[in-house]
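Colleague: only geometry, no sequence info:
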């Protein structure tokens, strides 16, 4: 499912709204989630999961082409942990 | 600060002009549609944010850490999230000088 398919499904669920509203709402939610992580905040959606940041310390890497050493600065990477409901619903065990 | 469904609903109320009820339902449905897609085995690609994918993991041997007893970890399907280059770039800029997560 892509973003536009998600928007179409939501527009179907809210026939009282104009299609543009579902489009705008999805963009708004995604922007707010990006913004939260970009400022160092966590995201917690009950029944879905949580997004947090993991720290990666600085390290010396190598340019795989030239073999030259390069300094890779410290950084944060986004991390998603599925919540209990999502975990149980996607699992295929019966 | 933690972003939750309540804050997302407030945002839709203020910025998109949905009423309170619609804002709350829209946020709920947003996550429910993603769950439904994953539940039917469909991966979800939100361009500019990231992809939710499914991985089928085979059974593997495990251990009860308390008793040391061997118990198999059953085969299962799990969700993994891969952030987009755009999200990675937005988050990478956070340095120690800024707020700690």
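Modeller: Happy to help now that I have it. Note that the structure is a prediction, hence the values are computed from the model and not measured.
Colleague: Now do the longest helix along chain B: everything it contacts.
Modeller: Here the longest helix in chain B is taken by residue count, with DSSP state H as the criterion, and it is helix B:20-39. If you take C-beta atoms under 8 Å, 6 or more residues apart in numbering or on different chains as the criterion, helix B:20-39 is touched by A:1, A:6, A:9-10, A:13-14, A:16-17, A:22, A:25-26, A:29, A:45, A:47-48, A:85-86, A:89-90, B:5, B:8-13, B:16, B:18, B:43-44, B:52, B:54, B:79. C-beta coordinates here come from the backbone N, C-alpha and C atoms, glycine included.
Colleague: Show the buried residues in these.
Modeller: Buried members of the contacts of helix B:20-39, counted by 16 or more other C-beta atoms under 10 Å in any protein chain shown: A:1, A:6, A:9-10, A:14, A:17, A:22, A:25-26, A:29, A:45, A:48, A:86, A:89-90, B:5, B:8-13, B:16, B:18, B:44, B:52, B:54, B:79.
Colleague: Among these, name the ones in strands.
Modeller: A:45, B:44, B:52, B:54, B:79 (DSSP state E).
Colleague: check contacts around the residue of chain B found nearest chain A.
Modeller: Per C-beta to the nearest C-beta, residue B:81 is where chain B lies closest to chain A, at 3.3 Å. Applying C-beta under 8 Å, 6+ apart to residue B:81 gives the contacts A:51, A:78, A:79, A:80, B:50, B:51, B:52, B:53.
Colleague: Can you tell me the element it falls in?
Modeller: When secondary structure is defined by DSSP states H and E, residue B:81 falls within strand B:76-83.
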